[in-house]
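Chemist: coords below, sequence missing:
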């Protein structure tokens, strides 16, 4: 007789995810979508989490320099040394006038 324990999740019998795959899944979960960008662009916790997850992906893919850059960005969000950039769809006319060619 087969017993199922209530705490054992029913999972797919395929191979477990690698650390890099898990990190990529985390990035996908924490990524700020274009629809949420205006709402979350200044949310320091959300932005730091997003950058820290990306750093982990780079680190697990043997790209420590890129990982360090993302960790520094995450740290900047937390210590308030980084501010949200302007919306990419607003203010183009003003920036064009400010930087004539």
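Modeler: Looks like it arrived, so ask away. The model shown is predicted, which means the values in this text are computed figures rather than measured ones. Numbering: from 1, shown residues only.

Chemist: When you work out contacts or count neighbours from here on, use the C-alpha atoms and nothing else.
Modeler: OK.

Chemist: Would you mind listing where the chain has pLDDT under the threshold?
Modeler: Applying pLDDT under 70 to the chain flags the ranges 1-13, 88-101.

Chemist: Which stretches in it count as helices?
Modeler: Assigned helices in the chain, in chain order: 19-30, 37-40, 44-60, 64-79, 92-98 (criterion: DSSP state H).

Chemist: ranking the ones you listed by burial, who's on top?
Modeler: Highest mean neighbour count among the helices of the chain (mean count of other Cα atoms under 10 Å): helix 44-60, with a mean of 21.

Chemist: Give the other helices and strands that it contacts.
Modeler: helix 19-30, helix 64-79 (3 or more Cα pairs under 8 Å, 6 or more residues apart in numbering; DSSP states H and E).

Chemist: Now do that helix against helix 19-30, angle only.
Modeler: Taking axes from the mean of the first three to the mean of the last three Cα atoms, to 10 degrees, one finds helix 44-60 and helix 19-30 inclined to each other by 160 degrees.

Chemist: Could you export the helices and strands packed on helix 44-60 to CSV, including columns for distance to residue 43?
Modeler: Compiled in CSV, the helices and strands packed on helix 44-60 are given as follows (distance: least, Cα to Cα, whole Å):
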stretch, distance to residue 43
helix 19-30, 12
helix 64-79, 9
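
Chemist: Can you check which of the helices of the chain gets nearest to residue 85?
Modeler: Minimum separation from residue 85 across the helices of the chain (Cα to Cα) falls at helix 37-40, 10.6 Å.
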